[in-house]
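Colleague: 3D model of this:
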Amino acid sequence: MASHLDHTTELLSRLISYPTISDQSNLDMIAELSERLGDAGARVDVWYDETGAKANLFATLGPEGDGGIVLSGHTDVVPVADQEWTSDPFIAETRDDRVFGRGSCDMKGFIAACVALAPYFAQRARHRPVHFAFTYDEETGCFGGQALIESLREKALRPSLAIVGEPTSMRVIEGHKGCFEYSTHFHGLAGHGSAPDRGVNAAEYAARYVNRLLDLKDELRARAPEGGRFDPPWTTINTGAFHGGVAHNVIPSAARVDWEMRPVQASDAHFVKDNLRDYCERVLLPLMRAVDPEARIDTEIISEVTGLEPADANEARAIMMELTGAEKSDLVAFGTEAGLFQQYGLSAVVCGPGSIEQAHKADEFIALDQLSQCVGMLERLADNLGS
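Modeller: Reported below is the predicted structural model:
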């Protein structure tokens, strides 16, 4: 009789074959997961995005109602373009006790394990619901995760904890920073470089904005929480790109600054955004509009991925430490959807098979030993539900 690990590796091969890069549809993969969970007796909901080309899956085993456990993963993967793979990234290949393929560790391995064990959960989830939450577009801004939370809110369904299976080498992760990405657009007035006072130089005002970002970087160091465990322990800001201008002798009418911040606490995000809004309204815009009343500054939100803040009381952490035998929990630098669940009121933790060191690279792989550890953890979770 095939083991849960055998079923997991078989399903993982199937999931790798779906090229669910974030700019493509995930519907074929969602359809297969829906069918397998439905066959296990789950109540399955598929919630489509506004294009109809992508969807979240939310399935439940066990009793109706609140208080359930969410097993969460994202279905999308990063591109393979310009990477030198030694095998087809969308055909699973097992060698040296590793399964190679795009998404193998990030994070189709965890999804495969959860769905392969669905029949086992169905036999044991008698007193507490178990939910399977599989989302789209995590890699590009957690858009599917945000939509999932809205769907849960509309249904007035509130599970109590979430286990997000990002690759942590099965370490229990209780916290990570947020990741907020923006593009700030400056709209000025073009003119000849010989008459700078007659134009509104968008590039120069963008440069002043970057200088304010640099000032805020220093101010954020002083706001680091006492005893903070992140590295570094303060909220960071990075200016990623600066675009503007067409020629040496032309006053640029447009410029753009691409920047991000990684908050260690929600109050820092409000501090930065409020400060920049005030700086634009009090300083930059009056100067720009003194020349051209139509001048403006617009900030485009690319993504605002909520961080996972360590909490003194965390049921998800306690359960996962017991299931994995971990003696301590850790923090990580990369972002996940866990903060979205925490913001909705769930306790949340990140713990999954595979190493983040293999994610997003050519020849991405997951070790069979890691899959085995994940399967064992899920078996113990199911057994606890049945006791």
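
Colleague: Show me where the stretch 201-350 of the chain has its strands.
Modeller: 236-244, 250-251, 254-262, 296-305, 330-332, 347-350 (DSSP state E, counting those that start in this stretch).

Colleague: tell me the most buried of these?
Modeller: Counting by mean count of other Cβ atoms under 10 Å, strand 347-350 has the highest mean neighbour count of the strands of the stretch 201-350 of the chain, with a mean of 28. Any C-beta I mention is one placed from the backbone N, CA and C, and that applies to glycine too.

Colleague: Can you tell me, leaving aside adjacent residues, what's nearest to H248?
Modeller: Setting aside the residues directly before and after it, H248 is nearest to G193 in space (Cβ to Cβ, 6 or more residues apart in numbering), at 6.9 Å.

Colleague: With F143 instead?
Modeller: Per Cβ to Cβ, 6+ apart, closest to F143 is D137, 4.1 Å.

Colleague: Look at the one you found and give its secondary structure.
Modeller: Three-state call for D137 (DSSP: H, G, I helix; E, B strand; the rest coil): coil.

Colleague: before we move on, the earlier item: touching, the residue nearest to H248 and P252? I think so.
Modeller: No - here G193 lies out of contact with P252, judged by Cβ atoms under 8 Å, at a distance of 9.8 Å.

Colleague: one step back: what are the phi and psi values for the residue nearest to H248?
Modeller: Backbone torsions of G193, given as degrees, to the nearest 10, read phi -60, psi -20.

Colleague: Look at stretch 46-63 and report the distance between its end residues.
Modeller: By Cα to Cα, to the nearest Å, the extent of stretch 46-63 from end to end equals 19 Å.

Colleague: on that earlier part again, neighbour count winner among G193 and P252?
Modeller: Remark: of G193 and P252, P252 carries more neighbours, 24 against 13, as counted by other Cβ atoms under 10 Å.

Colleague: can you pull the contacts of the closest residue to the more buried one other than its chain neighbours?
Modeller: Leaving out its chain neighbours, the residue that sits closest to P252 by Cβ to Cβ, 6+ apart is G245, at 4.1 Å. Counting by Cβ atoms under 8 Å, 6 or more residues apart in numbering, G245 touches 203, 252, 255.

Colleague: which residue is nearest the middle of the protein?
Modeller: The centroid of the chain falls nearest to T336 when counting by Cα atoms, centre = their mean (3.6 Å).

Colleague: so what's that residue up against?
Modeller: By Cβ under 8 Å, 6+ apart, T336 lies in contact with 138, 164, 166, 176, 308, 350.

Colleague: so which of those residues comes closest to C105?
Modeller: Closest approach between these and C105, by Cβ to Cβ: E166, at 9.1 Å.

Colleague: shouldn't the closest one be in contact with D106?
Modeller: Yes - using Cβ under 8 Å, E166 makes contact with D106 at a distance of 7.1 Å.

Colleague: Need the overlap of contacts for the two.
Modeller: Shared contacts of E166 and D106, counting by Cβ under 8 Å, 6+ apart, come down to I356.

Colleague: in the sheet, who's paired with T239?
Modeller: W259 (DSSP bridges).

Colleague: what sits against it?
Modeller: 210, 213-214, 257-259.

Colleague: For R262, see how far away D88 is.
Modeller: 35 Å (Cβ to Cβ, to the nearest Å).

Colleague: on that earlier part again, now pLDDT and distance to I301 too, for the contacts of T239, in TSV please.
Modeller: What follows is those, written out as TSV (pLDDT from 0 to 100; distance: Cβ to Cβ, whole Å):
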residue	pLDDT	distance to I301
V210	98	18
L213	98	16
L214	98	21
V257	98	14
D258	98	12
W259	98	12
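
Colleague: Distance to L284 added to these, as CSV?
Modeller: Formatted as CSV, those follow (distance: Cβ to Cβ, whole Å):
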residue, distance to L284
V210, 12
L213, 13
L214, 15
V257, 12
D258, 18
W259, 15
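
Colleague: Would you check which pair of the residues you listed lies furthest apart?
Modeller: Using Cβ to Cβ, the contacts of T239 reach their maximum pairwise distance at L214 and D258, which is 15.1 Å.

Colleague: closest to G240 among the contacts of G245?
Modeller: Among the contacts of G245, and counting by Cβ to Cβ, the member closest to G240 is A255, at 14.3 Å.

Colleague: quick one: the strands in the stretch 51-200 of the chain?
Modeller: Here the stretch 51-200 of the chain has its strands, by DSSP E, counting those that start in this stretch, at 55-61, 69-74, 93-95, 98-100, 130-135, 161-164, 173-176, 179-187, 191-192.
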